[in-house]
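Novice: 3D model of this:
(chains A, B and C)
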Amino acid sequence: MSKIVEGLLYSESHEWVKVDGQVAIIGVSDFAQSELGDITYVDMPAVGDEVEREGELGALESVKTAADLYSPVSGVIVACNTAVEDDPSLINADPYSNWIVKVEMSDSTELDSLLSAAAYAASIEK
Amino acid sequence: MKYYDKLIFELSKEGRSACTLPLPDRKLELPETLRRSSKAVLPQVSEADVVRHYTNLSQMNFGVDTGFYPLGSCTMKYNPKINEEVASLPGFRDVHPLQPGAKGYEQLYEEMDKALASITGMAHFTFLPCAGAHGELTGLMLMRSYHESRGDFKRKRIIVPDSAHGTNPASAALCGLEVVVVKSGENGLVDVESLKPLLGDDLAGIMLTNPNTLGLFERDIKAIAELVHSCGGLLYYDGANMNALMGVVRPGDMGFDILHLNLHKTFSTPHGGGGPGSGPVGVCNKLVSLLPTVRTSAFHGNAGVILKAYAYILMLGKENIAKLGKLACLNANYIKEELKDCYKLPIDTVCKHEFVFDGLEGANTLDVAKRLLDYGYHAPTIYFPLLFHQAIMIEPTETESKETLDDFIAVMRKIACEAKENPELLHSAPHNTPVSRPDETLAARQPVLKWQSQ
Amino acid sequence: MLKRVSLSSLDELYSDVPEDCKFKGEFDLPSAMSEQQLREYFERLAAKNPKSKVFVGQGAYDHYCPSVIPYLCSRSEFLTAYTPYQCEISQGTLRYIFEYQTMICNLTGLDVSNASLYDGATAAVEAVRMCVACTRKRNKVLLSDGLLPNVIETIATYAKWEGTELEIIPCEAGETSRTALLEALDGTVAGVLLPGTNRFGIVEDHSGLADAIHQAGALFVEYCDPSTLAVIKTPAEWGADIAVGDGQSLGIPLSYGGPYVGFMACRNEYMRKMPGRIVGQTQDAQGRRAFVLTLQAREQHIRREKATSNICSNQSLMALWITVYLSLMGPEGLEDVNNLSYQAAHGLKDALLKTGLFEDPYPGKPFIKEFVLKPLCDVQKLHAALDKAGIFAAWPDKEGNVSFCATENRSSEDIRALIDVVNSLK
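Specialist: Numbering: from 1, shown residues only, chains lettered A, B, ... in the order given. Sure thing, here's the model as predicted:
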């Protein structure tokens, strides 16, 4: 049973969002990291890149597979977590405290369409 | 096989050399700005060092000449030795690619073109592509070229089934086409009904392999061809599975307009540990004039590989080509029937040259594959096609005897027993190989991609 | 066996194939040949090819191939293996590829090499694609007109369908025009492809160009002849980001153009964008050194339509070929190949000029084994006379000059024979 943290918002493509004012802090769920297995590389966007909701944000690679990251919100990348870039195993160890990127949102109403912890739990039950 | 741990660089001794060239009378003079600042680090070893080192390396390798190689979709048939001999004749080896009047080669290309045209039902071939994926891309360029030559610039979509080889969507995307995936039906075949809504006047074509990667013949192929043609699209045949049809069905007769063949699969040229191969592309009449417009490699493609493949065709001759596909299919069906009571067979029907098990109850497919190595077999293709989570894809080819197949079947059954009685034996396999399972995560997380002196 | 599969005939294996798909005719092929007949057939075919002394390069060089190479490369454990997916029984292939990657890095001076590509021209295509992938949003690549015409033509074929814009930078006095290059370098350029030794055989001086290219935000790719890298400034020393070329000059026979092998190396920062197979070192469960295919998540079988390249093989056996070649030659031997070629080519050029039937279009330009001359005689007559004497030389270029090449494989007698033919035209 994968861990889901209360109080975060989730996307159907398994990203989580923590809202900090106008900034969305984005990572991947425990379910996503366990599906991928040992993550070997994080393909990061560049700070300053514009992203669209559900647009590609980067990718996570493991030995035998790769998964694209999709942005749950539109906006501009304001920070990339260099710690997970240097050591991707951090995401496997604790996917919720090791965020990947921060996005300054251009439309915070987009948050309304994300899933609550309970709704996300139900979606991965399926 | 025994473990041998040296790299050629580690045998190096300053000043040693295996070079036998005469000493130059004159040394090269170049301005200092154009000269390399320090000597390249290359091994300094004797001829005997080189020969022993690579002989030792070869002994950690498994080839078709070592044993049975049932690698699905790869057609690892026996590679006749006479082909190697004729391809290395000095009269072929020493010809410069730009030299005019290479009549022997010109005749080879002409005869090979005619032979492949007859075998596939296409009109003509280009021999520039050096591999199957290279052929795919070349073929798709020809597809786009055909549409544009008719002033039709809007055809940017291509249909690819979900069971297709990974190269199909990759090649299509590189060629500037948008990939539209058509799902396979319950029976593992392309569903004509789900195809219909994907058609339109913006469709460039469809890429299919037939039989598909599950080893099943797309029996609706004529209907599919009709539908795609009627909206102006073309049909591309991925020749990866051509061995199944050799001598029985021709892609041209099924309605395909463009195809590539893998001479290193269907036409017995050795895989060489990953190449060189050859992926000639054949087209139907209406595309022939476009062939010279697509230059996808430097000279004439892999002439040496084409020589070997033509030798294979000549040795088989028209009498034996017709038997090839049938025997390949018989071998596959025989293994399938002998093993389907202990391995999961998701689609139980007559297969073609290969078939897919969806794993073994209570065991991981990876473990089954690794355990096979202990018994002196190459593993089948695993985890492909993606439609099944524990896929084991077996392709025996026609060059294996019943006795070889029986031995393999016995080992597969033994592994099935081991999985029940002693699963750890599978988890920790292989046990008898030069190395055990390497740590692939370490390799990817901290890439060490070249040797460096300590 | 048929009984076991519950069928009564082989034809029933195709009962799911509609009748109108089946081939009912006879194949338009010769009858089966015995091994004896086959050998004779191919010997006769081979005899129809010319047996000329080759004095042309243009991307295919007649260098000496030591007998050890075909001997080792025909070992069936190497020859009949597939791509090394099952690494536990493929350590031989994986180890020589690792050695190959090391040698390519050491020759080019760059950090990372892949396991090889089809040929030099397709390696150049992959480099062009990499420039576009690494610079995002930029889509134009500058190509020197000093590149071999078939390399440019191959790049152009791909670029057309991939939507990459190409601009050709002209040559001036036998070298890529610096002025034209600097003028064309603007904010839309993703990469610049320059030859190390160009199609005139001239070793180009790229001093300062890397800075200009990088300042414009583009990548610098050098297309080079790896044999010459033993002596000339390396792509890394020029400041290039990517080096590509054809490994044929490292002892691979001419073989009418293939199989050859494309190589590619790049700086560390572009490693993840590099196409093709890559072998990496790791350890097995017992902690022993072992080798695997790595960084596979970039590749087509995982990324499908999102992969940066569709390549799923390499020219493994040819990579082994040049690995064995470089092991035999060593650093000194490879230098001597260049010294001997230099000696032969310079001797040939001096002698040709002395005949008075040629002029030097690019006097004073440094070259190693290949050069062009302006013919003052009738080129058709020259070709006819050379052909009659069993010599392949004087390849015409688009400027109206003719190209010659001499390697360590051309003896002084061969050169004298060529000069005699030229003198006979006077």
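
Novice: residues in contact with whichever residue of the stretch 201-350 of chain C sits closest to chain A?
Specialist: As assessed by C-beta to the nearest C-beta, chain A sits closest to C:Ala297 within the stretch 201-350 of chain C, at 3.6 Å. (Glycine included, C-beta is placed from N, CA and C.) Residues in contact with C:Ala297 (C-beta atoms under 8 Å, 6 or more residues apart in numbering or on different chains) are A:40-41, A:59, A:61-66, B:444, C:303.

Novice: mind checking the SS state of it?
Specialist: helix (DSSP: H, G, I helix; E, B strand; the rest coil).

Novice: hey, which helix is longest across chain A?
Specialist: Using DSSP state H to define each element, chain A has its longest helix at helix A:117-125.

Novice: which of the residues in that helix are buried?
Specialist: For helix A:117-125, burial by neighbour count (16 or more other C-beta atoms under 10 Å in any protein chain shown) applies to A:120-121, A:124.

Novice: Equivalent analysis for stretch B:181-196, please.
Specialist: Applying 16+ other C-beta under 10 Å to stretch B:181-196 flags B:182, B:184, B:188-190, B:195 as buried.

Novice: can you tell me which two in the residues you listed are farthest apart?
Specialist: Pairwise distances across the buried residues of stretch B:181-196 peak at 15.0 Å for B:Gly188 and B:Leu195 (criterion: C-beta to C-beta).

Novice: In the stretch 1-150 of chain C, what residue spans correspond to strands?
Specialist: All strands of the stretch 1-150 of chain C, identified by DSSP state E, counting those that start in this stretch, fall at C:53-54, C:112-113, C:140-144.

Novice: got a list of contacts for the last one?
Specialist: Right, the one you point to is strand C:140-144. For strand C:140-144, the surrounding residues in contact (C-beta under 8 Å, 6+ apart) are C:128, C:131-132, C:152, C:155, C:159, C:164-169, C:171, C:176, C:181, C:184-185, C:188-195, C:198, C:218.

Novice: Please apply the same query to the second one.
Specialist: Here strand C:112-113 makes contact (C-beta under 8 Å, 6+ apart) with B:449-450, C:100-102, C:104-105, C:263-268, C:270-271, C:274, C:278.

Novice: Report the strands that pair with it, each with its relative direction.
Specialist: Strand C:112-113 has the following sheet partners, assigned by DSSP bridges: strand C:262-266 (antiparallel).

Novice: Do a quick rundown of the strands in the stretch 251-400 of chain C.
Specialist: So, for the stretch 251-400 of chain C - with DSSP E, counting those that start in this stretch - the strands run C:262-266, C:279-283, C:289-293, C:358-359, C:370-375, C:391-392, C:395-396.

Novice: Partner strands of the second one and their direction?
Specialist: This means strand C:279-283. In the sheet, strand C:279-283 lines up with strand C:289-293 (antiparallel) (DSSP bridges).

Novice: Show me what the strand it pairs with is in contact with.
Specialist: In contact with strand C:289-293 (C-beta under 8 Å, 6+ apart) are residues B:5, B:435, B:438, B:440, B:443, C:83-85, C:87, C:91, C:94-95, C:97-98, C:277-284.

Novice: Mark which of those residues are buried, thanks.
Specialist: The neighbour count (16+ other C-beta under 10 Å) marks B:435, B:438, B:440, B:443, C:83-85, C:87, C:91, C:94-95, C:97-98, C:277-284 as buried among the contacts of strand C:289-293.

Novice: In the stretch 51-200 of chain C, what residue lies closest to chain A?
Specialist: C:Arg136 (8.6 Å).

Novice: On the pLDDT front, check that residue for me.
Specialist: C:Arg136 carries a pLDDT score of 80 in this model.

Novice: quick one: B:Arg93 and B:Ala87, what's the gap?
Specialist: 8 Å (C-beta to C-beta, to the nearest Å).

Novice: Which one's more surrounded, those two?
Specialist: Applying other C-beta atoms under 10 Å in any protein chain shown to B:Arg93 and B:Ala87 shows that B:Ala87 carries more neighbours, namely 22 against 17.

Novice: what's near enough to touch that one?
Specialist: B:Ala87 neighbours (C-beta under 8 Å, 6+ apart): B:304-305, B:307-308, B:311.

Novice: which element is C:Ala243 on?
Specialist: Per DSSP states H and E, C:Ala243 falls inside strand C:242-246.

Novice: how distant is that strand from the center of its chain?
Specialist: How far strand C:242-246 lies from its chain's middle: 8 Å, per C-alpha atoms, centre = their mean, to the nearest Å.

Novice: mind listing what's buried in it?
Specialist: Within strand C:242-246, judged by 16+ other C-beta under 10 Å, the buried ones are C:242-246.

Novice: mind checking pLDDT for C:Gly262?
Specialist: Looking at C:Gly262, the pLDDT reads 98.

Novice: ugh, wrong one, I meant B:Gly274
Specialist: pLDDT, B:Gly274: 94.

Novice: Spatially, what comes nearest to it if we skip its sequence neighbours?
Specialist: Nearest residue to B:Gly274, sequence neighbours excluded (C-beta to C-beta, 6 or more residues apart in numbering or on different chains): C:Ser316, at 3.6 Å.

Novice: what helix or strand does the residue of chain A at minimum distance from chain B sit in?
Specialist: Using C-beta to the nearest C-beta, the closest approach of chain A to chain B is made by A:Thr40 at 3.6 Å. Using DSSP H and E, A:Thr40 maps to strand A:39-43.

Novice: Would you tell me what the next helix or strand after that strand is?
Specialist: Downstream of strand A:39-43 (by DSSP H and E), the next one is strand A:50-51.

Novice: Can that next one be said to contact chain C?
Specialist: No. If you take C-beta under 8 Å from any C-beta of the partner chain as the test, strand A:50-51 misses chain C, and the best it gets is 11.4 Å.

Novice: got the buried residues for the helix or strand following that strand?
Specialist: Using DSSP H and E, the next helix or strand after strand A:50-51 towards the C-terminus is strand A:56-62. For strand A:56-62, a neighbour-count test (16+ other C-beta under 10 Å) marks A:57-62 as buried.

Novice: can you check stretch C:195-205 too?
Specialist: For stretch C:195-205, by 16+ other C-beta under 10 Å, it's C:195-205.

Novice: do stretch B:396-413 as well
Specialist: By 16+ other C-beta under 10 Å, the buried positions in stretch B:396-413 come out as B:396-400, B:404-405, B:407-408, B:411-412.

Novice: Stretch B:311-321 now?
Specialist: For stretch B:311-321, a neighbour-count test (16+ other C-beta under 10 Å) marks B:311-316, B:318, B:320-321 as buried.

Novice: Closest to chain A out of those?
Specialist: Within those, the smallest distance to chain A is 34.5 Å, found for B:Tyr312 (C-beta to the nearest C-beta).

Novice: so the closest one makes contact with B:Phe267?
Specialist: Yes. Applying C-beta atoms under 8 Å as the test, B:Tyr312 and B:Phe267 come out as touching, 5.2 Å apart.

Novice: Apart from its chain neighbours, what residue comes closest to C:Leu334?
Specialist: Counting by C-beta to C-beta, 6+ apart, C:Ala230 is the residue found nearest to C:Leu334 once chain neighbours are left out, at 3.9 Å.

Novice: how distant is stretch C:63-81 from the center of its chain?
Specialist: Centre-to-centre, stretch C:63-81 and its host chain are 19 Å apart (C-alpha atoms, centre = their mean).
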